[in-house]
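Chemist: need the 3D shape of this:
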Amino acid sequence: NDQRLIKAKALIEQLLATAGSANATPGSNPPTNNAAPVRAGQLTGMDKVDYDALIELVRQAQQTTDLPQQRTLLQQFMTDSAVFLQRHPDQLLLWQLRAAAAISLNDPAAGYEAGQKLIVGGAADSNDPNLQRLLGQLKNKGWLDPQAVEKAEQAKSTASPASASGTVTLHVYRTRKFVS
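Modeler: Reported below is the predicted structural model:
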């Protein structure tokens, strides 16, 4: 459980570094993929503030050494980003961060959703090694397959809610429709 958080922390760090270089200068080249998402720089007003707040949540989670605090920050990110992505579903960086957070929080349904959004957004054809690694992790967990995710969610709901360390994992998504 702690190892998942540590690995996710490293992956989030890589994703944020990639995003930082992609958004650092107005004329910089976008990340290599076939999608044409609205870049964070094109958001305005409160949408930009909300986006920046989401990125800051992930940075805080990535920087903390307190694993329960990291879990709390990632859960808050998952909750807040779900609302934001309903308005701006084309923000591929947020979907990448949601996938990494889902892995660390062991949330197959959220991982499946993020994986599907990334694939539809052209991530499968991307040359970005971090993105390919993230999709590979989702695939290896079976989280790109709706039946495997459904089984994993059922197994989670029948398992004890407390982990070996005695912490309880909260899950934002309980009702999901899986389509094939």
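
Chemist: surely Q75 meets L105?
Modeler: Yes - at 6.6 Å, Q75 and L105 qualify as touching, with contact defined as Cβ atoms under 8 Å. Just so you know, the C-beta spots here come from the backbone N, C-alpha and C atoms, and that holds for glycine as well.

Chemist: of the two, who's got more company?
Modeler: L105 (24 against 19; other Cβ atoms under 10 Å).

Chemist: from G111, how far off is that one?
Modeler: Taking Cβ to Cβ, to the nearest Å as the measure, L105 and G111 are separated by 9 Å.

Chemist: same check, this time on A159
Modeler: From A159 to G111 the distance is 17 Å (Cβ to Cβ).

Chemist: who's more crowded, those two?
Modeler: Looking at A159 and G111 with other Cβ under 10 Å, you find the greater number of neighbours at G111, namely 26 against 9.

Chemist: on the pLDDT front, check that one for me.
Modeler: Per-residue pLDDT puts G111 at 96.

Chemist: got a list of what it touches?
Modeler: Contact partners of G111, counting by Cβ atoms under 8 Å, 6 or more residues apart in numbering, are A99, A102, I103, L138, K141, W143, V149.

Chemist: so the fifth one makes contact with P108?
Modeler: So the one you mean is K141. Yes - taking Cβ under 8 Å as the definition, K141 is a contact partner of P108 at 7.2 Å.

Chemist: not counting its neighbours along the chain, what's nearest F84?
Modeler: D50 (5.4 Å; Cβ to Cβ, 6 or more residues apart in numbering).

Chemist: give me the neighbour count for the one you found.
Modeler: Using other Cβ under 10 Å: D50 sits among 17 other residues.

Chemist: that one and A102: what is the separation?
Modeler: As for D50, its distance to A102 is 20 Å (criterion: Cβ to Cβ).

Chemist: one more: P146?
Modeler: P146 is 15 Å from A102, where distance means Cβ to Cβ.

Chemist: also V120?
Modeler: Taken as Cβ to Cβ, the span from V120 to A102 is 17 Å.
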